[in-house]
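Student: with the sequence up front, the predicted model follows.
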Amino acid sequence: MKLVCGITTKNEDWIIQKTLSVVTTFCDTVVILDDNSTDRTKDICCSFENVEWYVREKRKPHDRQEAAGLYHLFKL
């Protein structure tokens with residue numbers, strides 16, 4: 001069995017190190033979907049071996065196609 005965790009982020013450098021330190025011990029893969037962070041979030045996340053980094057394009061809040069297009073990230 002493979003366990004995958006998905007986390008959305010935006011400027012989370014103050015907490016993401018602690019979060020990933022715990023989550024990566026239980027999960028095979030952690031998928032980060034970042035909402036255009038401007039701090040060190042990417043650097044911290046990419047320092048973990050089993051983390052996959054993706055950046056969400058500028059959001060269209062009422063576009064259902066945006067959510068449907070992200071399905072492939074969690075397909076096992």
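Tutor: Good, I have the coordinates.

Student: what's the mean pLDDT across the top helix by length along the chain?
Tutor: In the chain, with assignment by DSSP state H, the single longest helix is helix 16-26. Mean per-residue pLDDT for helix 16-26: 97.

Student: residue 21: neighbour count?
Tutor: 10 (other Cβ atoms under 10 Å). Every C-beta, even on glycine, is put in place using the N, C-alpha and C of the backbone.

Student: distance check, it against residue 55.
Tutor: 22 Å (Cβ to Cβ, to the nearest Å).

Student: which SS class is the residue sitting nearest the centre point of the chain?
Tutor: Centroid-nearest residue in the chain: residue 32, 0.9 Å away (criterion: Cα atoms, centre = their mean). When classified by DSSP: H, G, I helix; E, B strand; the rest coil, residue 32 comes out as strand.

Student: show me what it is bridged to.
Tutor: residue 7, residue 53 (DSSP bridges).
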